[in-house]
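Colleague: dropping a prediction and its sequence here:
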Amino acid sequence: MTITSVHTLLPARVASNATEKRAEKPPPQLHGVQDFPFKGYHPPQPEGYQQSKAHPDTSAIVIDNGSHLVKAGWSFDKNPRFAIPPVMSRYRDRKLNRQCQFIGYDAYVDATTRGQLRNGFDPGSSVVGNWDVMEGVLDYLFLKLGVDGADGGVGRPILMTEPIANMAYSRKMMNEILFECYSAPSVAYGVDSLFSYRYNGGTDGLIVDSSHTSTHVIPVMNAKPMFSNSTRLNWGGLQNAEYLMKLMKLKYPTFPTRLTDAQMEEMVHKHCYVSQDYDRELNGFLDWTGLEDRDRVIQYPFTEHIVQEKTEEELARIAERKKESGRRLQEQAARMRLEKLVKKEQELEYWKDLQNNLANETKKEIRRILEAEDLKDEAALEKLIRELEKSIKRSRNKDLGIEETEEQPEEMTFPMLDIPDDQLDEAGLKEKRHQRLMKSNVDARLRAKEEKEREKARIEEEERLDRETRENDFENWIAKRRSNRQSILQRIKDRDRFTADLGNRKSLASQMRMKTLANLASDGPKKRRRGGDDDDFGANDEDWGVYRTVAVGEGSDDEEEEDLNGMLDSVEKELLEYDPEFSEHNTFAAQSDWTKSLVHAFLRGPWPFDPESQREAHQLHLNVERIRVPEVVFQPSIAGLDQAGLIEIVADIINQRYTNPADQSLLLKDVFLTGGNTLFTGFDERFRKEVRGFLPIDATMNVRKASDPVFDAWKGAAQWASGGDLGRSSVTRQEYMEKGSEYIKEHDLGNATW
Amino acid sequence: MPPPTPANDEAHQQLLNTLDISHVPKPFRNPHWKPSQRRNKNLKQIVSEASRKEASVMATQANSGATTPGTSGMVTDGTQTPAEGAGPNLSQATQNLSTLVLEKNARATFQTGPAVTYTNIESAPSFNPAYRHHYCDITGLSGPYTDPKTRLRYHDKEIFKVIRTLAQGVPENYLEARGAHTILK
């Protein structure tokens, strides 16, 4: 098969017409970044503790131990009193020589504290990894809750949340701290999402809990969680922020400011959303139309370099000064010219006088005078006078501004050349030699002129022929032009590739170059051994070509570069003029314009980029990332997580693990979304739409979201703790001492023993 | 940022003092509480320790016969000949017996399959081909092509040009974002 025609299909982004592209986009709306999440000083709230004194056995301290925020309050509260990130900054202040400890938002207060920041949770998981931080956080919370430690301990029951299927080791450590360090009278544990579900009145259904470090799907029946059918996906809000950080660092590798995790989190919250039809929306995301709305610009603080701008007045003064000095120079030159002219005129007068005087002198006297003036004969004198007159005239003309007209030199004759040498005397021979020289000069000039005319005629002829072919055989003519343009483009491409390849040590171009160098270095001594010093390098002109193959970098092929672009320009001009299919936006320049560049749209949105501007250098553009980041929970493979996505998990639980249709419909009747990662715009709709695709056509499904996906877990825990269940489900200090640190009591909202 | 003035500095120190909880008395803490030095473990350590512990419990139970079978534990399920019948091979019989007991105990505790642990509730790899899309590593758009040299997926020829001009090591970073990088050990 042969390829008979080549046609490039341009994507919609490029094909839209040029005038639309030229239309200026409105300036971008800039979004700022937060500095650091320091929230100021929070005074303690001891009134809760005072209130709890009325019923010290049933008023529990409720702590939702989340990896993003630790929420704490009393079981009789409606809302948590404190919510802090589980971080601590502890260090020894060298100046004051004492230990400092800052917890939660306070740890972001200044650069020193931020430098010592430690997170309580093992990175990327919902498991506590640093117990020193955990202790610090608990200290802070108990202090802020106003616990006075009257009996040497916390003195109130504690309810804590833990991740589903918590590790025995984690619970053991937590028990140790709570019972031994804080002397808690009793401790109960529960799972956060189950509390949230209970708070929202659910009894049978499917909990989809997408939170900070992980996403869980838990079927619940008869208000009992089915842990063996629960599934965890290791992706949550934290991973979203981390992924965005990775993407941003790759997108802007030379970004001048430090990007922080908190800023990334803020961007995810503010600008990301869940796409309803990911693949379709994705492929149109960088299209020109409407890109200004899809592209979000994040402006980081910057300082613009101030260019010293000169005032109008100063500029005028400088110009005036320049003009003044120019004038002075001109005057000087004119004066000097005048002086020279005067001198020449004097000289001329002198010589004329001399000539007049000579007329009355004897021959002998004449010769004496001439000899004294260093002149050969009267003819020489005459010549001198003539030349002087000429030069005076010329300089006068110049002063007066008269355009000098080059008078055509009269047709020169060379009579001496035809006379044979032997008929001439000494002077004649000399004259003949002179005339021969002159003649060859004139001949050469004539030849050059003829050459020029011939060339002109040839070009005219070519143009005529070209015109003729164009008029008579347009198809061929245009085809030739097009192929010519293609070949020039190809050559430009080849050249670019070649220069790019030279930068790569392993490329073919580099290897060839090294080979040449090695050859050059090695064949010198070989030759000398064979035939002595007969190095005839350079005798042949082609020898010098070696340097062209060896030279790299700047200036090696500048001339050619100019040439290629010039050739392309002229071909494109012709095509523009005559080819009906070739229009302004097909030209190479238009094709390589930034408005056509996908990479530019990706990096800088629909606005031009000025590399000098500090303002623009400090901008992040979020476009594809806005849907790419939240998509990971649906397609974990995007971020390289080898797990099934949320929809697949849900479909698997409903279709595979519960084969009884009654169970299936029970679960589907109440699908409950909770956790901070479900707060994205469009999450519910997308979830509903995709899960529907896995269900039988007549299945009914009801998806709802927690009234407050972040705080409902704590509220549910507080509600549950104020009921009678807490006492039954708590492990007392006594039981802890007897049964060990891994002992827990099972209840409907907590993990089971295994 | 303006240079810190002494007054500013003092105010900041004041703020630090109010925020600092290290010098605040904490009467609710047990003064004799001494945490163990090596209590901070990462998830990997905890998981591996837990699984090791589990395995060792199974092993000791299987070998030592620490669990004495109850009277009702003597049921045979038909696949196994009763111990009396297998007179010469006594050791194997005891072995089987203890395994049986273990299994029965396990069944009693977890009615529905194996124990639920932190590791086994993790979702399995995806088997649905509908979710096996390829996306451009640079832009995130659809990525139907793969560069054989860097193994990066790309959207179109313009992105390909960009890939070919990437500095050394950068393609690896892109692969890492997709979890497809080579890890040298």
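Modeller: Received, thanks.

Colleague: ranking helices and strands of chain B by mean pLDDT, which lands last?
Modeller: Scoring the helices and strands of chain B by mean pLDDT, DSSP states H and E places helix B:90-109 at the bottom, with a mean of 64.

Colleague: next helix or strand past that helix?
Modeller: For helix B:90-109, the following helix or strand on the C-terminal side (DSSP states H and E) is strand B:145-146.

Colleague: mind listing what the helix or strand following that following strand pairs with, with the direction of each?
Modeller: Downstream of strand B:145-146, the first helix or strand assigned by DSSP H and E is strand B:153-154. In the sheet containing strand B:153-154, its partner strands are strand B:145-146 (antiparallel), by DSSP bridges.

Colleague: run through the neighbouring helices and strands of the host helix or strand of residue A:603.
Modeller: Using DSSP H and E, residue A:603 maps to helix A:598-604. Helix A:598-604 sits against strand A:619-622, helix B:157-164, with contacts defined as 3 or more CB pairs under 8 Å, 6 or more residues apart in numbering or on different chains; DSSP states H and E. All C-beta spots, glycine's among them, are computed from the backbone N, C-alpha and C.

Colleague: including distance to residue B:117, mean neighbour count and mean pLDDT, could those go into CSV?
Modeller: Formatted as CSV, those follow (distance: least, CB to CB, whole Å; neighbours: other CB atoms under 10 Å in any protein chain shown; pLDDT from 0 to 100):
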stretch, distance to residue B:117, mean neighbour count, mean pLDDT
strand A:619-622, 39, 23, 91
helix B:157-164, 43, 17, 89
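
Colleague: closest point of chain B to chain A, which residue?
Modeller: residue B:179 (1.7 Å; CB to the nearest CB).

Colleague: care to break the chain down by domain?
Modeller: All of this is about chain A. The record assigns chain A these domain ranges, following automatic domain parsing: A:55-200+A:709-739, A:312-401, A:422-472.

Colleague: wait, I meant chain B there
Modeller: B:58-66+B:89-121, B:131-177.

Colleague: nearest to residue A:519, of the domains of chain A?
Modeller: Closest to residue A:519 of those, according to CB to CB: domain A:422-472, at 41.4 Å.

Colleague: now do that closest one, average pLDDT.
Modeller: What domain A:422-472 shows for mean pLDDT is 88.

Colleague: any low-confidence regions in chain B?
Modeller: Within chain B, the stretches with pLDDT under 70 are B:1-6, B:58-96, B:98, B:102-114.

Colleague: now do the contacts for residue A:239.
Modeller: A:124, A:213, A:632, A:639 (CB atoms under 8 Å, 6 or more residues apart in numbering or on different chains).

Colleague: cutoff 7 Å now
Modeller: Residues in contact with residue A:239 (CB atoms under 7 Å, 6 or more residues apart in numbering or on different chains) are residue A:124.

Colleague: C-terminal to the helix or strand where it lies, what's the next element?
Modeller: If you go by DSSP H and E, residue A:239 is part of helix A:237-251. Toward the C-terminus, helix A:237-251 is succeeded by helix A:261-271 as the next helix or strand (DSSP H and E).

Colleague: what helices or strands is that next one leaning on?
Modeller: When contacts are defined as 3 or more CB pairs under 7 Å, 6 or more residues apart in numbering or on different chains; DSSP states H and E, helix A:261-271 packs onto helix A:237-251.

Colleague: report the angle between the helix it packs on and helix A:261-271.
Modeller: Angle between the axes of helix A:237-251 and helix A:261-271 is 100 degrees (criterion: axes from the mean of the first three to the mean of the last three CA atoms, to 10 degrees).

Colleague: in helix A:237-251, which residues are buried?
Modeller: A:237-248, A:250-251 (16 or more other CB atoms under 10 Å in any protein chain shown).

Colleague: with stretch B:139-153 instead?
Modeller: B:139, B:140, B:141, B:142, B:143, B:145, B:150, B:151, B:152, B:153.

Colleague: what of stretch A:347-360?
Modeller: Here stretch A:347-360 shows A:348, A:351, A:354, A:358 as buried, counting by 16+ other CB under 10 Å.

Colleague: in JSON lines, list those residues along with secondary structure.
Modeller: Formatted as JSON lines, the buried residues of stretch A:347-360 follow (DSSP: H, G, I helix; E, B strand; the rest coil):
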{"residue": "A:348", "secondary structure": "helix"}
{"residue": "A:351", "secondary structure": "helix"}
{"residue": "A:354", "secondary structure": "helix"}
{"residue": "A:358", "secondary structure": "helix"}
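
Colleague: please identify which pair of the residues you listed lies farthest apart.
Modeller: A:348 and A:358, at 15.4 Å, using CB to CB across these.

Colleague: need the helices for the stretch 201-350 of chain A, in chain order.
Modeller: A:237-251, A:261-271, A:278-283, A:291-294, A:312-359 (DSSP state H, counting those that start in this stretch).

Colleague: any chance of these in JSON lines with distance to residue B:133 and mean pLDDT as columns?
Modeller: Formatted as JSON lines, the helices of the stretch 201-350 of chain A follow (distance: least, CB to CB, whole Å; pLDDT from 0 to 100):
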{"stretch": "helix A:237-251", "distance to residue B:133": "17", "mean pLDDT": "94"}
{"stretch": "helix A:261-271", "distance to residue B:133": "22", "mean pLDDT": "92"}
{"stretch": "helix A:278-283", "distance to residue B:133": "7", "mean pLDDT": "90"}
{"stretch": "helix A:291-294", "distance to residue B:133": "20", "mean pLDDT": "87"}
{"stretch": "helix A:312-359", "distance to residue B:133": "60", "mean pLDDT": "89"}
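
Colleague: for stretch A:114-134, which positions count as buried?
Modeller: Here stretch A:114-134 shows A:114, A:118-122, A:124-131, A:133-134 as buried, counting by 16+ other CB under 10 Å.

Colleague: so which of these belong to helices?
Modeller: A:114, A:131, A:133, A:134 (DSSP state H).

Colleague: for the first one, what are its contacts?
Modeller: With contact taken as CB under 7 Å, 6+ apart, residue A:114 is in contact with A:36, A:108.

Colleague: quick one: it from chain B, how far?
Modeller: Residue A:114 is 13 Å from chain B, where distance means CB to the nearest CB, to the nearest Å.

Colleague: can you check residue A:210 too?
Modeller: Remark: distance between residue A:210 and chain B (CB to the nearest CB) = 13 Å.

Colleague: my guess is that residue meets residue A:679, correct?
Modeller: No: using CB atoms under 7 Å, residue A:210 is not in contact with residue A:679, being 9.2 Å away.

Colleague: what residue in the stretch 401-550 of chain A comes nearest to chain B?
Modeller: residue A:500 (7.0 Å).

Colleague: what sits against that residue?
Modeller: residue B:165.

Colleague: tell me the secondary structure at it.
Modeller: helix.

Colleague: and chain B, which of the buried residues of stretch A:347-360 reach it?
Modeller: Filtering the buried residues of stretch A:347-360 for neighbours of chain B using CB under 7 Å from any CB of the partner chain leaves an empty set.
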